[in-house]
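Asks: got a sequence here, can you build the structure:
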Amino acid sequence: MPIIQSVERALKILDLFDERERELPITEISKRMNLHKSTVHSLLKTLQQQHYISQNEENGKYSLGLKLLERGSMVIGHLDLRNVARKHLEWLSATTNLTIHLVILDGKEGVYVDKVEGSGVTVLYSRIGRRVPIHTSAVGKTLVATKTDSELNLLLDGYHFTKPTEKSISSKEQFLEEIVKVRSAGYSIDNEENEPGIFCLAVPIKNYSGNVIAAVSISMPASKKNQETLDYYVSILKECSGKISHELGYEFQKI
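Replies: Here you go, the predicted model:
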């Protein structure tokens, strides 16, 4: 399938912005895109005209436009999963005082589609719309654990095992060993593999056909984990995921 170069370039410009770099000058955008400044200027002006990019009149720097918020809100609003899950995530957070995440699989990464903050822990990494590697997160491991071995091998073809912390899984062999454990236990863990000091547990959410369509996780300070808390949180997570799955048409007793 042919790729339209200008569209690809425009989308890559949007990807340059994140929570750390909310504004960028055109010289920096040109440098990162490895494109001449005049080409980048044309792309930026087109995006600006369509309100996907804004320009600060005082310093001339560019940032993401409000049109993206509008489009993103429409996508989120149409996610039945999020609508169904919300009250259960709030219940779980209120019951545990911890932060709860709802994540779906998109390609080879997880995407946060909802988050309920708990005062018992602050998770800096996650925010709605952000992507998370499958090998460093409990949600990622859960999302791929029910795939067949051939599906997993295809998914991991060319996969890059980044190492955001000292405890991150760093190879395909390690990851597959971890998936075997997840399949056996029925839940997955992230033991400070994505963010230092944060321990996470995750379980799957299934739809009416029994397919895993999302994962729900609970995050806590790693210093507070022990076997007693692990057993309790796995139990209450499964109760939460079971209720969500049931409302999505899955038979509760199969969880």
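Asks: name the SS class of H135, please.
Replies: coil (DSSP: H, G, I helix; E, B strand; the rest coil).
Asks: and it, how many neighbours?
Replies: Neighbourhood size, H135 [other C-beta atoms under 10 Å]: 27. (Each C-beta comes from the backbone N, C-alpha and C, glycine too.)
Asks: over to the residue at minimal distance from the centre of the chain. Which of the three states is it?
Replies: Of all residues in the chain, the one closest to the mean position by C-alpha atoms, centre = their mean is V111, 2.6 Å from it. Judged by three-state DSSP, the three-state class of V111 is strand.
Asks: spit out the contact partners of it.
Replies: Listed by C-beta atoms under 8 Å, 6 or more residues apart in numbering, the contact partners of V111 are 103-105, 129-132.
Asks: one more pass at 10 Å, please.
Replies: 102-105, 128-132, 139, 143, 214 (C-beta atoms under 10 Å, 6 or more residues apart in numbering).
Asks: so can I have TSV of those residues showing secondary structure, pLDDT and distance to I198?
Replies: Putting the contacts of V111 into TSV (DSSP: H, G, I helix; E, B strand; the rest coil; pLDDT from 0 to 100; distance: C-beta to C-beta, whole Å) gives the following:
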residue	secondary structure	pLDDT	distance to I198
L102	strand	96	17
V103	strand	95	15
I104	strand	93	20
L105	strand	93	21
I128	coil	87	18
G129	coil	85	19
R130	coil	87	15
R131	strand	91	17
V132	strand	93	12
V139	helix	97	13
L143	helix	96	18
A214	strand	95	20
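Asks: now the buried members of the residues you listed.
Replies: Among the contacts of V111, the ones that count as buried by 16 or more other C-beta atoms under 10 Å are 102-105, 132, 139, 143, 214.
Asks: burial count for the spatially closest residue to V132 that is not a sequence neighbour?
Replies: In this structure, V132 finds its nearest non-sequential neighbour in G110, 4.6 Å apart by C-beta to C-beta, 6 or more residues apart in numbering. G110 sits with 30 neighbouring residues when counted by other C-beta under 10 Å.
Asks: same question for G72.
Replies: Quick note: G72 (other C-beta under 10 Å) scores 12 neighbours.
Asks: same question, the one 10 residues further on
Replies: Applying other C-beta under 10 Å, we find 18 other residues in the vicinity of R82.
Asks: go on, I213?
Replies: Quick note: I213 (other C-beta under 10 Å) scores 18 neighbours.
Asks: can you tell me the SS state at it?
Replies: strand.
Asks: so it touches R82, yeah?
Replies: No: in this structure, I213 is not within contact of R82 by C-beta atoms under 10 Å, at 11.4 Å.
Asks: overlap in contacts of the two?
Replies: I104.
Asks: and the pLDDT for G118?
Replies: In this prediction, G118 carries a pLDDT score of 86.
Asks: show me which helix runs longest in the chain.
Replies: Ranked by number of residues, the top helix in the chain under DSSP state H is helix 227-247.
Asks: which helices and strands does that helix pack with?
Replies: helix 80-96, strand 99-106, strand 198-206, strand 212-221 (3 or more C-beta pairs under 10 Å, 6 or more residues apart in numbering; DSSP states H and E).
Asks: burial of I236, as a residue count?
Replies: Using other C-beta under 10 Å, I236 is surrounded by 16 other residues.
Asks: residue contacts, it?
Replies: 91-92, 95-96, 201, 218.
Asks: can you list these in TSV and add neighbour count and distance to H36?
Replies: Below are those laid out as TSV (neighbours: other C-beta atoms under 10 Å; distance: C-beta to C-beta, whole Å):
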residue	neighbour count	distance to H36
W91	16	54
L92	26	51
T95	13	56
T96	21	53
L201	25	49
I218	25	49
